[in-house]
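Engineer: The sequence and its predicted three-dimensional model are supplied below.
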Amino acid sequence: MRNGAEILKLGTLTITWWCIIFGAVWIACYLVGVAIPMLLSSYDSDAARITAETCRALTPILSVLVFIPINAMFMVLFERRGLAIFTVRLGPNRVGPDGYLQTAADAVKLLFKEDITPHGADAFMFTLAPIVFFAPSIFGAMPLLAAVTNYHELFQIVNLPTGIFFILAASSVPVVGIVMGGWASNNKYSLVGGLRSAAQAISYEIPLVLSLVTICLLAGSLDVVEIMKQQAGGILNWNILGGGALRGLDSALALKFSNSAPALQELSAKSFDQVLKTAYSDPAAAALGLVAGQDSMATIASIIAVVVLMACVLIAAGLYMTGACAEINRIPFDLPEAESELVSGYNTEYSGIKFAIFFLAEFTNLFVVASIFVVMFLGGGDCPVPAWLGNMLGGPQMASAINQVLSPLIAIKFVDPPTLFAAIWVILKVYGIVFFAVLVRGTLPRFRIDQLMDFGWKRLIPLSLIVFVLVVFAREFVNVHVGS
Amino acid sequence: MEQFEMLKALAETNVESFMFYILATISILLAYGVILDRTIIRSGFILIGVFGSICGLFLLLQAQFLALAQLMIYAVGITLVVVIALMLTNPRMEKSQLSTAAPANQLGAFMVAVGLFMTIYLSVRPENWTLSSEPLDMNNVQVLGRALTTDYSLPFEFASVLLLAALIGAVMLAKAEKPPKPGEEDFEYSVVEDSAAEPVASKR
Amino acid sequence: MTSSVATKSQSPVQAMSYALAYAIAVCFVVGAYATGNLDNFVSMTGLSSVLESWALKDYTELLAFVLIVLLGSTVALLGGQTSIIMAVGTVGSFFALTLNQHPLIQYLSLAAVLFAIGLYGMVVSRNAVRVLMAIELMLNAVNINLVAFARYVDPVQVKGQLFAIFVITVAAAEAAVGLAIVLSIYRNTSTVDMERFNLLKW
């Protein structure tokens, strides 16, 4: 019962902090991206126009810069309170109302600590390392912004045609910072931590990249916004459930519940050729159509393809989470900073603001990784309830009621309903993944270094290659069937 | 008003060339850092900077895919391996105690390098090529992918075979010999050390 | 080698100040060339007739380059710090030689500079791993060439970028095998000095 109360407290704390974080980001974006240009538009001069455009162009960067420090503060608190629940403790609960301000106090403490450069250290590299560790996560987050804000016009400019590749490239850079910091500290524990980190990152990057490449193959695009748009329309369309394998089921259900009997009739009465033609793109639709008794072979083929696709994508999602945990040095892969063996590894010698930057970057990386998972597998800012189910549950009425309530804010362009809903869903999903990571941290012990390498090279990489090839074949399977 | 117009025009025409010169200066200076820095591990890290600035140059040339591949493979993959190799071969992290090349050799190498640069510079003239003014599509990943799987599929396969062979070869070369049985240990190691230590001692 | 003797006899501060003076001089030369004052200077001093007789009148940038190189060697002989002089001279002459050129030539010249630096480093350095790093530098210079050609000569089929992909692949294989060889030699001889890699020497 005590634990139940703690969970409730964690819930209220989370919601309070969400309001603080996203309120701050929202207001900052609104001021710079909408309010100032609107004010300036009344002056008809070149200077005003250029300033307005600059403000709009700077909005994505500003939102990230406002977001990262506050968010990291909250995530540290979230992790400590979550771990406390899993280990049946209380967690930080003294500073501020029920410990709400604990990490703010920690941050202030870190900023006022003395910034020490150890004797014999390479001072320049020692200073550069936290920056190299931190900067890529800001850049890496950029293309995701366009996806998670539901392609809002202010954030369009950060979208790239090679978005996911950009994110991967940016997320591979921080390991350089770790090796650099480990070497520059002139400390053998730090050096070992840095070397371990390099080996680990290089090994686990392969399954990570291959699992994301599998999804890109399904979507046929490297553009995160494109991948997100393809998953629109409810949980059945998300990549985690086969990347469109169930899209046919979704449309069939939509037809069924839209009470348009003729349309359903049309679906099941399609000619054999037509059904087979749809089989390639919509195996499940073909399955539904064929169960009505047209061709058992094609039915079996389609169902097998759907099952294989779903299994492969689920495995790919697991591979991604594993690789990402290793990439950002989270338990159970936190060997580079193993406290008990390496006295916290590469950041042994760091203190003050540099340590704060390392700390900030670690939690930002966790957030970025979770957002990549959300965009690639969980449909980004998409509502999990399919439209047909939403209609039955009274979704449109609720939406219009919310719009009614928010109408004064919409009038001054403070709120854009699609972006707002997308943002809320993204927050829920991302923090769901973060909560999962905290759960893993509270559950699993740390790997040993040789087990880590074995697991990476002998299990994950072959498995990811198999998944990759299977997805190719599962997509082509039905195609071949049509050809014969 | 006119100043703003001028500024805008200047920015539009010159921003690319401005960025080019910044990146070029950075990459040249860092390249000198790579070959002249006394602390060899630091020059390994500087190499990452060179590759990063070259990645920026690729972005300027609108080769997005290649820029990111450069960052991922060169700047992080290869160079980290180089840095690890440096740390393995220079275990005490001190300034390299190696002999330096004789001044005459250095001067000769410098003359050859300058001569090479001048030869290349004097032979590349824009008249030599039919320059195309067509804009490059920012999203040319599809073009690259199609070419790699159709016209250039054979070189692509060869490249993959080469990579596999290099992987196996590197593992075989770098793999340490199996540790000897406890009884033989002293004998084996003493032999190896003697044969290694002798030429070093004679040179000193 | 008077220069090396002179360098050793002087204090590092003096060597540094020589190098800084050289940097300022290079800035002046490049500035004069970029603003067109070097042309005026040439025509004023009557050098133009000499240049014309060598058919070099249109190549003022070469004059700037020669000026920078001469200044650099003088300062180096006087005892400036050679590494800074080399770096400043290279950047200065790169600016002077490419400022008024087509972008393609700018990129090709940058690639040539990086290639030459890589060549110099490969010959001069004694650490085997540094030699490998210099080779990586040269391969990257070639990549710049290829991508620049893809941008300015063949923007439709971008064959240059394709070749750059193959170069990256080969470079990765080369780095892996090269480093493995260096590591195994290090295990056997406990040195990475190129001078001592003379097992096959007769």
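Structural biologist: That came through fine.
Engineer: Now do the domain split for chain B, please.
Structural biologist: B:1-92, B:138-177 (automatic domain parsing).
Engineer: For chain B, give me its nearest residue in chain A.
Structural biologist: Across chain A, no residue is closer to chain B than residue A:161, which sits at 3.7 Å (Cβ to the nearest Cβ). Bear in mind the C-beta positions are built from the backbone N, C-alpha and C, glycine included.
Engineer: Helix or strand for that residue, just tell me which one.
Structural biologist: Using DSSP states H and E, residue A:161 sits in no helix or strand.
Engineer: would a markdown table of the domains of chain B with distance to chain C and mean pLDDT be doable?
Structural biologist: Shown next, in a markdown table, are the domains of chain B (distance: least, Cβ to the nearest Cβ, whole Å; pLDDT from 0 to 100):
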| stretch | distance to chain C | mean pLDDT |
| --- | --- | --- |
| domain B:1-92 | 3 | 81 |
| domain B:138-177 | 3 | 85 |
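Engineer: most tightly surrounded among these?
Structural biologist: domain B:1-92 (a mean of 20; mean count of other Cβ atoms under 10 Å in any protein chain shown).
Engineer: roughly how far apart are the residue positioned nearest the centre of chain A and residue A:82?
Structural biologist: What sits nearest the mean C-alpha location of chain A, by Cα atoms, centre = their mean, is residue A:371, with 1.4 Å. Look at residue A:371 and residue A:82: by Cβ to Cβ, to the nearest Å, they are 19 Å apart.
Engineer: do residue B:160 as well
Structural biologist: Distance, residue B:160 to residue A:82, by Cβ to Cβ: 44 Å.
Engineer: sorry, back to before: quick one, which of the domains of chain B is nearest to residue A:382?
Structural biologist: domain B:138-177 (24.2 Å; Cβ to Cβ).
Engineer: Which positions within the helix or strand hosting residue C:21 qualify as buried?
Structural biologist: According to DSSP H and E, residue C:21 maps onto helix C:12-34. Under the neighbour-count criterion of 16 or more other Cβ atoms under 10 Å in any protein chain shown, helix C:12-34 has C:15, C:18-19, C:22-23, C:25-26, C:29-30, C:32-33 buried.
Engineer: And chain A, what are its domain boundaries?
Structural biologist: If you go by automatic domain parsing, chain A breaks into A:1-112, A:196-345+A:364-477.
Engineer: shaky segments in chain A?
Structural biologist: A:1-2, A:150-151, A:243-303, A:336-343, A:475-484 (pLDDT under 70).
Engineer: show me the residues around residue A:405 that make contact.
Structural biologist: Taking Cβ atoms under 8 Å, 6 or more residues apart in numbering or on different chains, we find residue A:405 in contact with no residue.
Engineer: Going by neighbour count, list what's buried in whatever helix or strand it lives in.
Structural biologist: Residue A:405 belongs to helix A:395-411 when assigned by DSSP H and E. Across helix A:395-411, burial judged by 16+ other Cβ under 10 Å covers residue A:395.
Engineer: Can you give the distance from it to the centre of its chain?
Structural biologist: Computed by Cα atoms, centre = their mean, to the nearest Å, the chain-centroid distance of helix A:395-411 equals 28 Å.
Engineer: and if you look at stretch A:113-120?
Structural biologist: 36 Å.
Engineer: before we move on, what about stretch B:26-44?
Structural biologist: Taking Cα atoms, centre = their mean, one finds the center of stretch B:26-44 at 11 Å from the center of the full chain.
Engineer: what's the answer for stretch A:382-391, then?
Structural biologist: On Cα atoms, centre = their mean, the centre of stretch A:382-391 falls 21 Å from the chain's centre.
Engineer: now check stretch A:161-169, is it near chain C?
Structural biologist: No - for stretch A:161-169, no contact with chain C is found by Cβ under 8 Å from any Cβ of the partner chain; the gap never falls below 12.8 Å.
Engineer: residues touching residue 179, list them.
Structural biologist: By default, I'm working from chain A. A:194-195, A:197-198, A:346, B:80, B:83-84.
Engineer: hmm, I had chain C in mind actually
Structural biologist: B:81-82, B:85, B:170, B:174, C:129, C:132.
Engineer: thinking again about what came up before, I'd like the contacts of residue A:179 as TSV, with secondary structure appended.
Structural biologist: As requested, the contacts of residue A:179 are exported to TSV (DSSP: H, G, I helix; E, B strand; the rest coil):
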residue	secondary structure
A:194	helix
A:195	helix
A:197	helix
A:198	helix
A:346	helix
B:80	helix
B:83	helix
B:84	helix
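Engineer: Is residue B:115 within a helix or a strand, and which one?
Structural biologist: With DSSP H and E as criterion, residue B:115 is part of helix B:103-123.
Engineer: can that helix be found next to chain C?
Structural biologist: Yes - using Cβ under 8 Å from any Cβ, helix B:103-123 reaches chain C at B:103-110, B:112-114, B:116-117, B:120-121.
Engineer: Now do the helices in chain C.
Structural biologist: Applying DSSP state H to chain C gives helices spanning C:2-9, C:12-34, C:37-45, C:47-53, C:60-78, C:82-98, C:103-124, C:128-152, C:159-189.
Engineer: Any chance of JSON lines for these, columns mean pLDDT?
Structural biologist: Converted to JSON lines, the helices of chain C look like this (pLDDT from 0 to 100):
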{"stretch": "helix C:2-9", "mean pLDDT": "47"}
{"stretch": "helix C:12-34", "mean pLDDT": "79"}
{"stretch": "helix C:37-45", "mean pLDDT": "72"}
{"stretch": "helix C:47-53", "mean pLDDT": "68"}
{"stretch": "helix C:60-78", "mean pLDDT": "79"}
{"stretch": "helix C:82-98", "mean pLDDT": "83"}
{"stretch": "helix C:103-124", "mean pLDDT": "90"}
{"stretch": "helix C:128-152", "mean pLDDT": "89"}
{"stretch": "helix C:159-189", "mean pLDDT": "86"}
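Engineer: Noted, bye for now.
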